[in-house]
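Novice: Based on what follows, work out the 3D shape:
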Amino acid sequence: MQTITYHKATQADVETLVDMRIAFSIKLMGAQSQKKIDELKIQLKKYFTSAINQTCFAYLAKCQNQLVGVGELIIRTQPGNFKNPTGVVGYLMNMYTIPTFRRKGICAQILNELINDAKQKGITLFELHATKAGEQVYVQNGFQKHSEPTYRKYIS
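Specialist: Sure thing, here's the model as predicted:
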């Protein structure tokens, strides 16, 4: 049996987080030009350098020295409501396990690490967007599909 280790990301992991975000984005959106990849890498490095362990928390899963999974939680603050008076939301994203290590509980472990850290900060509401392949792990961990649709508009 292979041992999986988990650790909370630090500044030393910024490049890894950037690389995983790029890989995840390409997996979701398809191949991109090298120019777009390079531009995104610059922005992601700026983001993670300033946000890691401030408004963004991440966990990495490794088997020996191979990165096999990652997950992030972004702290969002918005006006409160009756269900979440503080308005603080933990947005889970970039939950990714490499295909050969799926169905081994890695995503669930990362998810629980992120939620436990967030609960210590008083966060009680968590949101995410799931791929079809990832839905099961979230449902098994108590997430419910929300009925409000999401609309987006990109301005270029």
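Novice: going forward, measure contacts and count neighbours with C-alpha atoms only.
Specialist: Noted.
Novice: longest helix anywhere in the protein?
Specialist: Identified as the longest helix of the chain according to DSSP state H is helix 34-51.
Novice: List the buried residues of it.
Specialist: Residues 41, 44, 45, 48, 49 are the ones in helix 34-51 that count as buried (16 or more other Cα atoms under 10 Å).
Novice: residues making contact with that helix?
Specialist: Contact partners of helix 34-51, identified using Cα atoms under 8 Å, 6 or more residues apart in numbering, comprise 11, 14, 15, 17, 18, 19, 22, 56.
Novice: ok now it, how far from the chain's centre?
Specialist: Centre-to-centre, helix 34-51 and its host chain are 16 Å apart (Cα atoms, centre = their mean, to the nearest Å).
Novice: Show the average pLDDT along it.
Specialist: Averaged over helix 34-51, pLDDT sits at 97.
Novice: Could you export that helix as CSV, CA atoms only?
Specialist: Taking C-alpha atoms only, helix 34-51 is exported to CSV below (Å, rounded to 0.1, in the frame of the first residue of the first chain):
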residue,chain,number,x,y,z
GLN,A,34,1.8,29.4,-24.9
LYS,A,35,1.2,33.2,-24.7
LYS,A,36,-2.0,32.7,-22.7
ILE,A,37,-0.3,30.1,-20.4
ASP,A,38,2.6,32.5,-19.7
GLU,A,39,0.3,35.4,-19.0
LEU,A,40,-1.8,33.3,-16.6
LYS,A,41,1.4,32.0,-14.8
ILE,A,42,2.4,35.6,-14.1
GLN,A,43,-1.0,36.4,-12.6
LEU,A,44,-1.2,33.2,-10.6
LYS,A,45,2.2,33.7,-9.1
LYS,A,46,1.3,37.2,-8.0
TYR,A,47,-2.0,35.9,-6.6
PHE,A,48,-0.6,32.9,-4.7
THR,A,49,2.4,34.8,-3.4
SER,A,50,0.2,37.4,-1.7
ALA,A,51,-2.8,35.2,-0.8
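Novice: Thank you, goodbye.
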